[in-house]
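In: sequence and predicted model, in that order:
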Amino acid sequence: MSTSATALALRYEVEELVTRYATAIDLRDWDLFRTVFADDAHIDYGPLMGSWDDADVFTEFMKVAHARAGRSIHRMTNIVLAPGEGIAARTYGDSIILDAADETTGDHGAASYDDTFVRTADGLRISSRRASIVLYERITGNRAIAA
């Protein structure tokens with residue numbers, strides 16, 4: 001495989017993994033979600049949400065955090081692989097999580113994610129994630145929901 005083909009294959013793996021993260025949340029597929037992170041991943045979502053050093057504990061946190069949520073959309077964009085040793089990338093994330101009881105209200109958030117990756121027997125996994133949350137707001141009056 002040529003260097004450019006190797007670079008494209010790596011880019012695809014990273015994009016697939018960060019997209020899997022968003023898809024798993026929206027589907028509430030916690031088994032799929034768990035495949036995103038290495039077992040001992042360090043995950044830091046800052047003072048708003050917390051940090052974890054165990055992917056199983058983080059998965060359970062996300063499961064509980066979304067248990068009462070309605071429909072959601074998580075988007076991962078602007079994925080840029082970082083140069084240097086190892087595999088690292090920065091991704092922008094944007095989410096809308098509607099309330100299950102009243103979809104005219106919900107939460108909107110935006111963040112950047114700095115990830116490092118590790119190869120495991122099961123494929124590429126996130127070994128470290130630092131989220132920098134730049135927006136978290138309550139939304140009301142969602143006009144997309146017809147009465």
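Out: Structure's in. What do you need?
In: and the lowest-mean-pLDDT helix or strand in the chain, what does it pack onto?
Out: Using mean pLDDT, DSSP states H and E, helix 46-49 stands out as the lowest-scoring helix or strand of the chain, at a mean of 90. Helices and strands touching helix 46-49, by 3 or more Cβ pairs under 8 Å, 6 or more residues apart in numbering; DSSP states H and E, are strand 123-139. For glycine as for every other residue, the C-beta is placed from the backbone atoms N, C-alpha and C.
In: can you give the contact residues for the strand it packs on?
Out: Residues outside strand 123-139 that contact it (Cβ atoms under 8 Å, 6 or more residues apart in numbering) are 13-14, 17, 21, 35-38, 40-46, 48-49, 87, 93, 96, 105-119.
In: which ones among those lie within helices?
Out: Judged by DSSP state H, the contacts of strand 123-139 include E13, V14, L17, Y21, G46, L48, M49 as members of helices.
In: quick check: the closest residue to the second one other than its chain neighbours vs E15, distance?
Out: Looking back up the chat, that one is V14. Counting by Cβ to Cβ, 6 or more residues apart in numbering, V14 lies nearest to A89, which is 5.2 Å off, once chain neighbours are set aside. As for A89, its distance to E15 is 9 Å (criterion: Cβ to Cβ, to the nearest Å).
In: same question, W52
Out: Taking Cβ to Cβ, one finds W52 at 24 Å from E15.
In: which of these two has more neighbours?
Out: Taking other Cβ atoms under 10 Å, W52 and E15 do not tie; W52 has more neighbours (20 against 15).
In: residues contacting F61?
Out: The neighbours of F61, taking Cβ under 8 Å, 6+ apart as the test, are G50, W52.
In: related to what we said a few turns ago, contacts for the least confident helix or strand of the chain?
Out: Residues outside helix 46-49 that contact it (Cβ under 8 Å, 6+ apart): A131, S132, I133, Y136.
In: so how far does stretch 70-90 reach from one end to the other?
Out: Distance between the boundary residues of stretch 70-90 (Cα to Cα, to the nearest Å) amounts to 28 Å.
In: contact partners of that stretch?
Out: 10-11, 14-15, 18-19, 21-23, 25-26, 66, 91-101, 103, 106, 112-118, 124.
In: thanks a lot, see you next time.
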